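Enquirer: Here you go, sequence then predicted model.
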Amino acid sequence: MRVYHKAYVYLTCGSRLLVFSQPDEPHIGLQVPGGTLDPGESYLQGARREFHEETGLMPEWAFDHLADQDQIFHREDGSLHGLHRRRHFHARIATPPREDWEHYEMTPSSGGAPIRFRLFWLDLFGPTAHDAGAFFQGFHVPLDTLRARIGELAA
């Protein structure tokens, strides 16, 4: 089985999490910015690069390790099939740069045309964030850890 090394960023502003959907593929659930590492790239370098590629924002804040996750991934088209070894990072900001926006990832790791993302903020303590089915391929798994961390930071 092929192993893909992935890095993702769970960016929070207070108790809100930056997520995105893919309007042109509405069956794909919510995701957080991140993706496949380039050859020779560290997880942290990959997280910063992928975050910029998928959001258009320059990540100038500290990233803390949040969680690691192994996710078996299978798409019907066979792209990126294998074990996705994910490292999740948490970053915090005081003020959101925008409430919602669209951005295109110009160089998707699976190849093909640019991918349109709709980025927005999701309440971590709201019903959607507690619905595992709202998220794509296990992106909900670190949310309990993130909610606990947010609660500790607020205390």
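Expert: Nice, thanks for sending it over. Numbering: from 1, shown residues only.
Enquirer: For residue 114, grab the count of nearby residues.
Expert: Residue 114 has 12 neighbours, counted by other C-beta atoms under 10 Å. In this view, the C-beta of every residue, glycine as well, is placed from N, C-alpha and C.
Enquirer: if you skip the residues just before and after it, what's nearest to it?
Expert: residue 104 (4.3 Å; C-beta to C-beta, 6 or more residues apart in numbering).
Enquirer: Ramachandran coordinates for residue 3?
Expert: Phi and psi for residue 3, reported as degrees, to the nearest 10, are phi -110, psi 130.
Enquirer: mind listing what the residue minimising distance to the centre of the chain touches?
Expert: The centroid of the chain falls nearest to residue 32 when counting by C-alpha atoms, centre = their mean (2.0 Å). Applying C-beta atoms under 8 Å, 6 or more residues apart in numbering to residue 32 gives the contacts 8-11, 17-20, 88, 139.
Enquirer: Make a markdown table out of those and add pLDDT, neighbour count and distance to residue 47.
Expert: What follows is the contacts of residue 32, written out as a markdown table (pLDDT from 0 to 100; neighbours: other C-beta atoms under 10 Å; distance: C-beta to C-beta, whole Å):
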| residue | pLDDT | neighbour count | distance to residue 47 |
| --- | --- | --- | --- |
| 8 | 98 | 25 | 7 |
| 9 | 98 | 23 | 5 |
| 10 | 98 | 26 | 10 |
| 11 | 98 | 24 | 10 |
| 17 | 98 | 23 | 15 |
| 18 | 98 | 24 | 13 |
| 19 | 98 | 24 | 16 |
| 20 | 98 | 25 | 15 |
| 88 | 98 | 25 | 9 |
| 139 | 96 | 22 | 14 |
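Enquirer: Secondary structure added to the residues you listed, as a markdown table?
Expert: Output for the contacts of residue 32, formatted as a markdown table (DSSP: H, G, I helix; E, B strand; the rest coil):
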| residue | secondary structure |
| --- | --- |
| 8 | strand |
| 9 | strand |
| 10 | strand |
| 11 | strand |
| 17 | strand |
| 18 | strand |
| 19 | strand |
| 20 | strand |
| 88 | strand |
| 139 | coil |
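Enquirer: Can you tell me how far residue 36 is from residue 114?
Expert: For residue 36, the distance to residue 114 equals 16 Å [C-beta to C-beta, to the nearest Å].
Enquirer: Same question for residue 13.
Expert: According to C-beta to C-beta, residue 13 and residue 114 sit 27 Å apart.
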